[in-house]
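Q: What would the 3D arrangement of this be:
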Amino acid sequence: MDAKQQVVQALAQALPDVDAHDIETKIERPKDSQNGDFAFPTFFLAKTQHKAPQMIAADLIEAIDQNGFEKVVVAGPYVNFFLDKGQIAAEILQAILADPENYGNSDLGNAGNVPIDMSSPNIAKPMSMGHLRSTVIGNSLAKILTKVNYNPIKINHLGDWGTQFGKLMAAYKMWGSEEEVKADPINTLQKYYVRFHQEDKENPELDDDARAWFKKLEDGDEEATHLWKWFRSESLKLFMKIYDLLGIDFDSYNGEAFYNDKMDEVVQMLEDKGLLQESKGAEIVDLEKYNLNPALIKKTDGATLYITRDLAAAIYRKRTYDFVQSLYVVGNEQQNHFKQLKAVLKELGFDWADDIHHIPFGLITQGGRKLSTREGRVILLENVLNDAISLARKQIAEKNPDLKNAEEVAQQVGVGAVVFHDLKNERLNNFDFDLEEVVRFEGETGPYVQYAHARSQSILRKAGNPDLTTANLALGDPAAWEIIKSLGQFGEIIQRAAREYEPSVIAKYALQLAKEFNQYYAHTKILVEDDEKMARLALVEAVSDVLKSALELLGVQAPDEM
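A: Now for the predicted structure:
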């Protein structure tokens with residue numbers, strides 16, 4: 001039984017005139033376990049009972065049925081509940097050991113479809129550290145939503161259309177060679193792109209060339225289409241290498257180009273509703289009533305924009321998936337774009353626009369400076385992951401030179417360290433990236449959590465991996481109580497992460513559980529022969545299972561040895 005509900009029921013019986021939901025919202029968890037496991041403040045009852053809160057608490061304790069609790073005591077205006085440690089421990093440990101993979105599951109989502117627009121790198125540019133956040137936040141949200149019974153659909157909305165292709169084609173025609181591109185596709189195309197932006201500052205007429213090339217592409221010109229297909233296929237090969245390293249796959253790679261033939265319908269819808277207006281030769285939708293700038297649907301040359309394609313994509317996804325929510329894991333700087341997108345959909349009469357959620361995130365910086373493709377100040381994601389694996393390999397060689405599958409573990413630890421470091425930061429926060437800090441085995445890092453899991457597995461191996469299903473799991477050891485309480489909160493933590501679209505909730509929980517377990521391990525002889533040995537081993541196994549599940553929700557692997 002949920003321990004909090006046990007407290008709610010006891011209070012509801014003693015307070016028949018107070019709604020159980022109101023009772024539940026008032027219950028607190030004391031910071032110090034010396035003050036109990038749950039505390040109920042009585043201040044809000046003073047108005048109706050016309051008594052001092054201290055007197056209400058003193059009367060209330062007389063009316064509470066204390067069966068099933070270790071004790072219930074008054075502390076001034078609070079009623080503090082101490083749970084029956086042995087009983088609660090047995091219930092929680094049994095629930096985890098009986099079905100570790102499904103522990104913490106719930107049915108918030110009722111199997112509703114949730115497309116997640118994520119990762120979305122631009123074709124013909126290398127994947128940089130700037131793409132890491134959308135990729136790993138989106139992947140983690142998909143896993144978290146699955147755990148609460150939504151059906152996520154991961155969509156890699158590739159940046160495979162737009163004026164940047166005009167710039168790239170113009171640059172290739174001016175300075176490029178087929179041999180050079182074939183020898184090193186992405187870096188060469190990136191070099192052309194950076195050069196275009198440098199020369200463009202002195203020669204703004206280059207923009208006219210770029211626009212002309214993109215218009216040719218939109219019109220189906222043979223040469224432009226050939227170049228586009230070539231740049232796209234070379235880019236995807238490199239992206240797949242990185243996604244394989246991260247252990248991430250997608251349900252759809254439909255990018256911007258996929259919607260090229262679906263925009264006329266959107267423009268027609270806007271015309272039919274009388275929403276399109278002309279402004280300086282361009283076509284716009286006025287969004288003044290939403291306190292937003294006009295949405296630019298078509299430029300003066302008739303070329304479409306991001307929002308035109310995003311409108312087509314939103315409508316296509318609703319028709320295809322009939323979603324209950326649609327998430328866009330895109331940087332914080334795009335807030336205005338998504339407000340405009342939702343407003344235009346609302347103007348078209350689509351109430352499901354309210355089910356669209358922009359999931360913004362902050363920047364990764366280096367030395368406090370934003371990473372920039374145009375300025376050529378890029379940190380390549382593949383290089384970072386490979387460097388992280390090398391650092392992990394070096395530390396494993398020092399700490400455990402005889403580890404059998406050292407190369408596999410180095411990859412799990414190195415890649416996991418980079419992913420965990422991103423996700424432990426609250427989504428909206430910017431953070432500075434320092435690889436040496438990220439791959440440390442100590443401190444608030446992914447390897448620290450992975451090491452706690454590996455240590456728990458080592459203890460179980462030493463104990464001979466006993467069958468704990470029939471053991472007495474009523475662990476009364478006060479030293480284990482903080483861990484038991486944390487294990488019991490796992491489902492609640494997952495639901496919170498799902499509601500807030502916030503993977504850092506899971507990462508912080510995993511760090512706290514690992515820390516509590518390491519403290520317990522440091523002060524308790526787990527394998528000593530006594531009446532509670534099997535219950536202690538059950539605790540170790542439960543910690544191992546839940547740490548593994550928490551890491552899995554972040555897209556991080558949990559090696560059994562390190």
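
Q: Buried residues, stretch 223-240. List them.
A: Across stretch 223-240, burial judged by 16 or more other Cβ atoms under 10 Å covers 224, 227-228, 230-232, 234-236, 238-239. Bear in mind the C-beta positions are built from the backbone N, C-alpha and C, glycine included.

Q: which of the residues in the helix or strand containing residue 420 are buried?
A: Following DSSP states H and E, one finds residue 420 within helix 406-424. Along helix 406-424, these residues count as buried under the neighbour rule (16+ other Cβ under 10 Å): 406, 409-424.

Q: I'd like to know which elements that helix is packed against.
A: helix 132-147, helix 222-246, helix 381-399, helix 435-438, helix 446-462, helix 504-523, helix 533-554 (3 or more Cβ pairs under 8 Å, 6 or more residues apart in numbering; DSSP states H and E).

Q: Can you redo those as CSV, where the extra columns are distance to residue 497 and mean pLDDT?
A: Shown next, in CSV, are the helices and strands packed on helix 406-424 (distance: least, Cβ to Cβ, whole Å; pLDDT from 0 to 100):
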stretch, distance to residue 497, mean pLDDT
helix 132-147, 5, 98
helix 222-246, 20, 93
helix 381-399, 24, 94
helix 435-438, 22, 87
helix 446-462, 16, 97
helix 504-523, 4, 97
helix 533-554, 8, 98
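
Q: Figure out which of those helices is closest to residue 496.
A: If you check each of the helices and strands packed on helix 406-424 against residue 496 by Cβ to Cβ, helix 504-523 wins as the nearest, at 5.4 Å.

Q: Show me the domain layout of the protein.
A: With domains defined by automatic domain parsing, the chain comprises 3-83, 118-263+306-366, 381-554.

Q: In CSV, list those domains along with distance to residue 288.
A: Shown next, in CSV, are the domains of the chain (distance: least, Cβ to Cβ, whole Å):
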stretch, distance to residue 288
domain 3-83, 40
domain 118-263+306-366, 10
domain 381-554, 28
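
Q: Could you point out which of the ones you listed sits nearest residue 97?
A: Nearest of the domains of the chain to residue 97, taken as Cβ to Cβ: domain 381-554 at 6.0 Å.

Q: now the end-to-end length of that closest one.
A: Domain 381-554 stretches 18 Å from its first residue to its last (Cα to Cα, to the nearest Å).

Q: where does the stretch 351-500 of the chain dip in pLDDT?
A: Where the stretch 351-500 of the chain drops to pLDDT under 70, the residues are 371-377.

Q: where does residue 397 sit relative to residue 403, distance-wise?
A: Look at residue 397 and residue 403: by Cβ to Cβ, to the nearest Å, they are 9 Å apart.

Q: Name the residue in these two with the higher neighbour count.
A: residue 403 (16 against 12; other Cβ atoms under 10 Å).

Q: which ones are touching the more buried one?
A: By Cβ atoms under 8 Å, 6 or more residues apart in numbering, the contact set of residue 403 is 396, 409, 561-562.

Q: just the buried members of those?
A: Looks like the contacts of residue 403 have 396, 409, 562 buried, using 16+ other Cβ under 10 Å.

Q: surely the first one meets residue 411?
A: No. Checked against Cβ atoms under 8 Å, the pair residue 396 and residue 411 is beyond contact range at 10.7 Å.

Q: Stretch 284-302: which residues count as buried?
A: 284-285, 287, 292, 295-299.

Q: which one of these sits closest to residue 82?
A: Proximity of these to residue 82 (Cβ to Cβ) peaks at residue 292, which lies at 54.0 Å.

Q: I'd guess that closest one is in a helix, am I close?
A: No. Going by DSSP: H, G, I helix; E, B strand; the rest coil, the assignment for residue 292 is coil, not a helix.

Q: Would you check how far apart it and residue 358 are?
A: Using Cβ to Cβ, residue 292 is found at 14 Å from residue 358.

Q: got it, and residue 506?
A: Residue 506 sits at a distance of 21 Å from residue 358 (criterion: Cβ to Cβ).
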